[in-house]
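Asks: predicted model, plus sequence, below.
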Amino acid sequence: MTRQAADAPGRMTRAHWGVTALLSAIVGWFVFDGVSSLVGLPALYEQLGVVEQVPWLALWLGVAHPIVYFVAGVMVGRRMTLTRFTLVLIVAIAASAATRLTMIAVATGSILLV
């Protein structure tokens, strides 16, 4: 296979699948962190006596949004060259990290949405 054929847009090659698998480990870490917060935080709030203040929406979004962003990145970039595909997935991961930090700040009261 020539270099031009390997980098040709229009289909997912083995390299595309390899990049997807490699970067999905980072997304897996975000999902693991979201699940651990979903399991552990309500117990902490219960010990503190403020069960009614558990930020359930933020906890569930913390689990779901990394997957949604990454799958959207794969769908958007699947017909691009390998370089562009990789950049799209990196941007999806960066957007997921920024969203996660924003949700943490909102849930802890560091940022108030007016």
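Replies: The structure has been received and is ready for your questions.

Asks: could you use CA atoms for every contact and neighbour count after this?
Replies: Will do.

Asks: for the residue nearest to residue 11 when sequence neighbours are not counted, give its distance to residue 32.
Replies: Using CA to CA, 6 or more residues apart in numbering and skipping residues adjacent in sequence, the residue nearest residue 11 is residue 79, 5.3 Å away. Between residue 79 and residue 32 the distance is 29 Å, computed by CA to CA, to the nearest Å.

Asks: which stretch of helix or strand covers the nearest residue to residue 74 once chain neighbours are set aside?
Replies: Counting by CA to CA, 6+ apart, residue 74 lies nearest to residue 89, which is 6.7 Å off, once chain neighbours are set aside. Counting by DSSP states H and E, the element that carries residue 89 is helix 82-108.

Asks: could you do residue 47 as well?
Replies: For residue 47, the enclosing helix or strand under DSSP H and E is helix 14-48.

Asks: what's the angle between that helix and helix 82-108?
Replies: 10 degrees (axes from the mean of the first three to the mean of the last three CA atoms, to 10 degrees).

Asks: check which helices and strands the following helix or strand past helix 14-48 is in contact with.
Replies: Downstream of helix 14-48, the next assigned helix or strand under DSSP H and E is helix 56-77. With contacts taken as 3 or more CA pairs under 8 Å, 6 or more residues apart in numbering; DSSP states H and E, helix 56-77 sits against helix 14-48, helix 82-108.

Asks: pLDDT of helix 56-77, averaged?
Replies: When pLDDT is averaged along helix 56-77, the result is 93.

Asks: what comes up buried for it?
Replies: Residues 58-59, 61-63, 65-67, 69-71, 73-74, 77 are the ones in helix 56-77 that count as buried (16 or more other CA atoms under 10 Å).

Asks: ok, stretch 80-99 next?
Replies: 80-82, 85-86, 88-90, 92-93, 95-97, 99.

Asks: circling back: elements contacting the helix holding residue 89?
Replies: Using 3+ CA pairs under 8 Å, 6+ apart: helix 82-108 touches helix 14-48, helix 56-77.

Asks: kind regards, and thank you for your time.
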